[in-house]
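Participant: Please find the sequence and the predicted model below.
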Amino acid sequence: MTHSIQQEPALQPLDEYNQSLMSNVHPIDWVNPSPAANYDLVVIGAGTAGLVVAAGAAGLGLGLKVALIEKNLMGGDCLNVGCVPSKCLIRSSRVVAQMREATPFGIQSPDAIEIDFAAVMQRMRRIRAGISPHDSAERFRNLGIDVFLGPAEFVDSGAIAVNTHLLRFKKAVIATGARATRPQISGLAEAGYLTNETVFSLTECPPRLAVIGGGPIGCELAQAFQRLGSQVTLFHKHGHLLDREDADAAEIVQQQLLQDNLKLVLDCSLEKVEITDAGKVIHYRQNDEINTVVVDEILVGAGRTPNVDRLNLDAVGVKYDARHGVVVDDYLQTTNPHIYAAGDICMNWKFTHAADAAARIVIKNTLFSPFGLGRSKLSNLVMPWVTYTDPEIAHVGLYEREAQEQGMETNTITIPFSSVDRALADGETEGFVKILHKRGSDQILGATIVARHAGEMISEITLAIVTKQGLSALSGVIHPYPTQAEAIKKAADAYRRTLLTPRTKSLLKLLTKFS
Ligand SMILES: Cc1cc2nc3c(=O)[nH]c(=O)nc-3n(C[C@H](O)[C@H](O)[C@H](O)COP(=O)(O)OP(=O)(O)OC[C@H]3O[C@@H](n4cnc5c(N)ncnc54)[C@H](O)[C@@H]3O)c2cc1C
Ligand SMILES: NC(=O)c1ccc[n+]([C@@H]2O[C@H](COP(=O)([O-])OP(=O)(O)OC[C@H]3O[C@@H](n4cnc5c(N)ncnc54)[C@H](O)[C@@H]3O)[C@@H](O)[C@H]2O)c1
């Protein structure tokens, strides 16, 4: 049966790059296979979580029968409307910022920087299309997976319907992800707004852009659009942006956004939106006063809503909650023992690498844990994450406040980049490496790095935590000079210096006498 792409919005514009993307992730002439009599595993949703589960299970060469069902675009949010397009825009916006900041480096900034927004977006579309064969329907078919394009719903505890097909399964995995939460603001729907599903289809830069939400989506995209030519007003409910992050780290990013000339409206509530000849008028309350801002477009980045609807979960006894998604235990098993879940649909960690890691747990727990033996747990994962503002904030492990809440005795070592030679040479001294360790021990509990490429540095600390190496081990690792990652070694050396008690100092002094 040929399946039509009309059921879900296609990405715009339908130029050669988006056509190439669509031909990979939702081919218009795709013919769904005839279902097997029974599948070992049926996976609903072909975002990161679903793709990794399906490829992992089928790729083992054990002859397992695996089906993968996707109603919209294979690759899900990450490839199509999330990580990949946002990071492409961020890269272009960093070029603009570097050109504007060239003068202190002895290079005259041009008087006017011409930004070809259409070309920026075309570059993004080209790169996204170039990555898409990896997630394509064709590639997954060639891996031996039965790929079905169409919306899936459970029929009973052993069968899933997709279009006119019925797929019988031994185990099923729900990996249907999440979508942008629609804020309840009077007049917003009528005025129209962008979400991550539509913002990457723009071909013209909105001169005035309001961004609702100061989390990772809001901050990353607000800064990118500001630098690419929009006058951005960023509205956030709370008193500080990125309020789940380390407060010192978030403050640096907040100051940078102000330096980028972005307008911040904090501690506010949005009252209503009206359309006038001048544009979309946002009425907001702050400090008990009502004010207005007029914009051309509104981008919503105010959290995610899990895709639990139209799956018929009640019929199969899978508990869920419209806000937090499918309920799973530490093994990612739902309340129906034959059905598991992975990724944004069920996890607080809404990251591509988290979906990937969860998918690996699901493969093990669904296929290789007879009688529940040897199952892997979500709570054993050490999860880093990065917010790709400029500078970036990278984090792993506990925050100071979490350690305090757990009653732990801790110390924090902070190395500012202003004391790191390479950061001075790079003119990137704003930021720090902060490492939280157990008091009286070198055990690392958590770390936050703020730097232009913090995301490239955090894995060293993640590795240390995963392999249970402490600060002493990091202190013994030779870091090439000059690199910004030397800040990590400096932090480890700072810990080692705390071990120098007056007694050990006198012992060392004695040793020098006989050397
Ligand atoms: C703007 C933005 C930027 C981001 N940047 C980053 C980043 O830099 N780094 C990072 O780690 N994370 C980032 N994320 C988060 C990341 O994209 C998600 O965590 C990740 O995509 C989750 O993968 P998933 O497989 O759980 O869900 P999804 O990618 O959402 O995939 C779920 C799939 O299921 C399909 N589906 C839903 N219902 C059905 C149904 N009934 N039948 C069949 N198919 C169905 C959907 O169409 C979708 O393709 C970003 C997200 C956004 C929105
Ligand atoms: N770099 C990355 O890894 C990356 C990038 C983007 C998104 N993501 C993932 O996507 C998820 C969703 O991101 P997000 O930024 O949409 O959600 P979020 O929940 O992290 O942040 C949204 C913020 O918007 C605020 N908000 C909500 N309604 C508002 C309103 N009406 N007015 C003003 N402020 C309002 C909320 O208080 C919240 O702090 C994140 O949890 C993250 O894991 C990751």
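Facilitator: Done, it's in. Ligands and ions are numbered 1, 2, ... in the order given.

Participant: Run through the strands of the stretch 301-450 of the chain in chain order.
Facilitator: For the stretch 301-450 of the chain, the strands defined by DSSP state E, counting those that start in this stretch cover 304-306, 320-321, 325-326, 339-341, 385-387, 392-397, 410-416, 432-438, 444-451.

Participant: As JSON lines, these with mean neighbour count and distance to ligand 1 would be great.
Facilitator: Every residue, glycine included, has its C-beta placed from N, CA and C. Shown next, in JSON lines, are the strands of the stretch 301-450 of the chain (neighbours: other C-beta atoms under 10 Å; distance: least, C-beta to the nearest ligand atom, whole Å):
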{"stretch": "strand 304-306", "mean neighbour count": "21", "distance to ligand 1": "7"}
{"stretch": "strand 320-321", "mean neighbour count": "16", "distance to ligand 1": "13"}
{"stretch": "strand 325-326", "mean neighbour count": "26", "distance to ligand 1": "10"}
{"stretch": "strand 339-341", "mean neighbour count": "28", "distance to ligand 1": "9"}
{"stretch": "strand 385-387", "mean neighbour count": "20", "distance to ligand 1": "7"}
{"stretch": "strand 392-397", "mean neighbour count": "24", "distance to ligand 1": "10"}
{"stretch": "strand 410-416", "mean neighbour count": "17", "distance to ligand 1": "26"}
{"stretch": "strand 432-438", "mean neighbour count": "23", "distance to ligand 1": "21"}
{"stretch": "strand 444-451", "mean neighbour count": "27", "distance to ligand 1": "16"}
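
Participant: want to try TSV for these, with distance to residue 86 and mean pLDDT as columns?
Facilitator: Converted to TSV, the strands of the stretch 301-450 of the chain look like this (distance: least, C-beta to C-beta, whole Å; pLDDT from 0 to 100):
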stretch	distance to residue 86	mean pLDDT
strand 304-306	14	98
strand 320-321	28	96
strand 325-326	22	98
strand 339-341	25	98
strand 385-387	11	98
strand 392-397	13	98
strand 410-416	28	98
strand 432-438	25	98
strand 444-451	19	98
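
Participant: among the ones you listed, which is nearest residue 372?
Facilitator: Nearest to residue 372, of all the strands of the stretch 301-450 of the chain, is strand 339-341, at 12.6 Å by C-beta to C-beta.

Participant: residues in contact with the closest one?
Facilitator: With C-beta atoms under 8 Å, 6 or more residues apart in numbering as the test, strand 339-341 has contacts from 157, 171-175, 316, 318, 325-326, 328, 331-334, 362, 365-366.

Participant: and the nearest residue to residue 34 once chain neighbours are set aside, what are its phi and psi?
Facilitator: Distances taken as C-beta to C-beta, 6 or more residues apart in numbering put residue 165 closest to residue 34, at 7.9 Å, once the chain neighbours are dropped. Main-chain torsions, residue 165, degrees, to the nearest 10: phi -90, psi 150.

Participant: Residue 240 too?
Facilitator: phi -150, psi 140.

Participant: Please report how far the closest residue to ligand 1 within the stretch 1-150 of the chain lies from residue 446.
Facilitator: Across the stretch 1-150 of the chain, the shortest distance to ligand 1 (C-beta to the nearest ligand atom) belongs to residue 47, at 2.0 Å. The gap separating residue 47 from residue 446 is 28 Å, by C-beta to C-beta, to the nearest Å.

Participant: Quick one: neighbours of residue 114, just the number.
Facilitator: With neighbours defined by other C-beta atoms under 10 Å, the count for residue 114 comes to 6.

Participant: Ok, the one 5 residues further on next?
Facilitator: The criterion is other C-beta under 10 Å. On that basis, residue 119 has 10 neighbouring residues.

Participant: Check residue 291 too.
Facilitator: Neighbourhood size, residue 291 [other C-beta under 10 Å]: 13.

Participant: How about the contacts made by it?
Facilitator: Counting by C-beta under 8 Å, 6+ apart, residue 291 touches 283-284.

Participant: a helix runs through it, doesn't it?
Facilitator: No - counting by DSSP: H, G, I helix; E, B strand; the rest coil, residue 291 is not part of a helix but strand.

Participant: ok, which stretches of the stretch 151-300 of the chain are helices?
Facilitator: Ranges of helices in the stretch 151-300 of the chain, per DSSP state H, counting those that start in this stretch, are 188-191, 216-227, 247-259.

Participant: Quickly compare those helices and say which is most buried.
Facilitator: Counting by mean count of other C-beta atoms under 10 Å, helix 216-227 has the highest mean neighbour count of the helices of the stretch 151-300 of the chain, with a mean of 25.

Participant: which helices and strands sit right next to it?
Facilitator: When contacts are defined as 3 or more C-beta pairs under 8 Å, 6 or more residues apart in numbering; DSSP states H and E, helix 216-227 packs onto helix 83-100, strand 208-212, strand 231-235, helix 247-259, strand 297-300, strand 385-387.
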